[in-house]
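Undergrad: Prediction below, plus the sequence it came from.
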Amino acid sequence: MLYCVRMDVRVPHDVDPETFERRKAAEKARAQELQRQGKWRHLWRVAGCYANVSIFDVDSHDELHELLSTLPLFPYMELSVTPLARHPSAIGDAA
Ligand SMILES: O=C(O)CC1=CCC(=O)O1
């Protein structure tokens with residue numbers, strides 16, 4: 001199942017910079033691990049924003065929720081999730 005997820009990172013003005021940098025590094029490591037597993041299929045920066053648009057390929061809503069809610073930056077993110085269905089005009093293997 002494919003999902004389009006937008007993640008907007010909201011950095012609290014009073015967050016300890018070292019804590020935040022540690023979480024950012026952990027987020028990067030986790031994101032790369034999930035990309036290697038084929039679960040985080042695309043990761044794009046939204047130009048001009050501290051945000052990304054990502055495509056996830058997971059088995060269920062529950063798996064997606066588990067994966068997103070355990071991301072190190074999850075406490076600092078606003079998430080928007082859109083489930084994707086195949087478009088009838090799409091050619092090739094878009095899944
Ligand atoms: O910078 C972001 O958009 C948040 C993020 C997601 C994966 C990652 O490494 O950073």
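TA: Sure thing, it's come through.
Undergrad: Every contact and neighbour count from this point should use C-alpha atoms.
TA: Will do.
Undergrad: how many neighbours does residue 60 have?
TA: 12 (other C-alpha atoms under 10 Å).
Undergrad: Could you do the one 4 residues further on as well?
TA: Residue neighbour count, defined by other C-alpha under 10 Å, stands at 19 for residue 64.
Undergrad: Kindly report the same for residue 22.
TA: A count of nearby residues for residue 22, using other C-alpha under 10 Å, gives 13.
Undergrad: Give me the spatial nearest neighbour of the spatially most central residue of the chain, chain neighbours excluded.
TA: Nearest to the mean C-alpha position of the chain, by C-alpha atoms, centre = their mean, lies residue 54 at 5.2 Å. Excluding the flanking residues, the one nearest residue 54 by C-alpha to C-alpha, 6 or more residues apart in numbering is residue 43, at 4.5 Å.
Undergrad: Tell me the confidence at that neighbour?
TA: Looking at residue 43, its pLDDT is 98.
Undergrad: Residue 8 sits in which helix or strand?
TA: Assessed by DSSP states H and E, residue 8 sits inside strand 2-9.
Undergrad: Please name the strands paired to that strand in the sheet, noting orientation.
TA: strand 51-57 (antiparallel), strand 77-84 (antiparallel) (DSSP bridges).
Undergrad: now this protein, which segments are flagged as low pLDDT?
TA: Applying pLDDT under 70 to the chain picks out residues 93-95.
Undergrad: ok, now how distant is residue 20 from the ligand?
TA: Note on residue 20: its distance to the ligand, by C-alpha to the nearest ligand atom, to the nearest Å, is 12 Å.
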